[in-house]
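[1] Provided below are the primary sequence and the corresponding predicted coordinates.
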Amino acid sequence: MQNIRHEGAARAPAAVRHTSVAPTSTRWLASGGEIDAHRHDDHQIVYAGHGTIAVTTDAGSWVTPATRAIWIPAGTVHRHQAHGELELHLVGLPAAQNPLALTEPTVLDVSPLLRELIVAYTRDPEDDSARRARLRAVLLDELRVAPERPLHLPAPAAPLLCAVYAVLRADPGDARSLEELGRQVGASARTLSRLLRADLGLTFPQWRTQIRLHHALVLLADGLSVTAVAHRCGWSSASTFIAVFRRTFGHTPGSRQGS
């Protein structure tokens, strides 16, 4: 995935900010804007009301449009980057309050009701009224039934896979086979396939599709047309790209979710 500095793990611990309480707030970031590596003692929900948000940890990256939110468990070192003008909604929850019992960053479906609850709850974080407490209770109820989505782009650990990853991030449209890519990095297709299964639990086509989809989200947020994105990311036609995108995200790439 280009335009995101995630070649290795999250920054060294000395550079990581620690904010004990995860904030509940609404923020606006210009396209390309970043929030540097940090961690909280609380859980946090990250939701893009408009634009696309990329969250990176030492385990990989998540890029989500406005139909999804990202659950970030307490203690997870993470950083954010905006693609497109970003309306960012952050909800902090105490470490003891984990309605889905999630221990890893996870992408969640955001229903229309959950979207409105997140937006309303982050609008005035200083409000401590009984109405806000009720709003929070309903928000937690909706989180308990929010479906999880496997939209994680895992970061490989094996050096040979890292080399292939660098090639595919630089050009997601690279259509070479695993055997051809292996010749470039000095490994057989069989070795790379074995490493992919052991390291990431993926086949090569699955991994390449994930890389392409994450890059496509970034390009769409930057304003490129669906046809241009399909071409740059290696799909044979716009219709093929649209079908894969809809199957993964539940809507077409041309729809302006969250606008």
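    Perfect, I can see it now.
[2] for the spatially most central residue of the chain, what are its contacts?
    When CA atoms, centre = their mean is applied to the chain, the residue found nearest the centroid is residue 62 (1.8 Å). Contact analysis of residue 62 by CB atoms under 8 Å, 6 or more residues apart in numbering lists 54-56, 70, 105, 107, 151-153. Where you see a C-beta, it was placed from the backbone N, CA and C, and this is true even at glycine.
[3] with respect to pLDDT, which of these ranks lowest?
    Minimum pLDDT for the contacts of residue 62 is recorded at residue 151 (74).
[4] separation between that residue and residue 165?
    To residue 165, residue 151 is 17 Å away according to CB to CB, to the nearest Å.
[5] residue boundaries of the strands in the chain?
    17-19, 25-29, 34-40, 43-57, 60-64, 68-72, 78-93, 106-109, 148-149, 152-154 (DSSP state E).
[6] partner strands of the shortest one, with direction?
    For strand 148-149, the paired strands and their directions (DSSP bridges) are strand 106-109 (antiparallel).
[7] so where is the stretch 151-259 of the chain shaky, pLDDT-wise?
    255-259 (pLDDT under 70).
[8] please, where are all the helices along it?
    Applying DSSP state H, counting those that start in this stretch to the stretch 151-259 of the chain gives helices spanning 159-170, 178-185, 189-199, 204-221, 226-232, 238-249.
[9] return the most buried member of the ones you listed.
    helix 204-221 (a mean of 21; mean count of other CB atoms under 10 Å).
[10] list the contacts of it.
    Against helix 204-221 from outside (CB under 8 Å, 6+ apart): 1-4, 31, 51-52, 54, 61, 63-65, 83-84, 153, 165, 168-169, 172-173, 178, 192-193, 196, 200, 202, 226, 228-230, 232-235, 241, 244-245, 248, 253.
[11] and that helix, how far from the chain's centre?
    Its chain's average C-alpha position is 11 Å from that of helix 204-221, according to CA atoms, centre = their mean, to the nearest Å.
[12] if anything else comes up later, I'll come back, but that's it for now.
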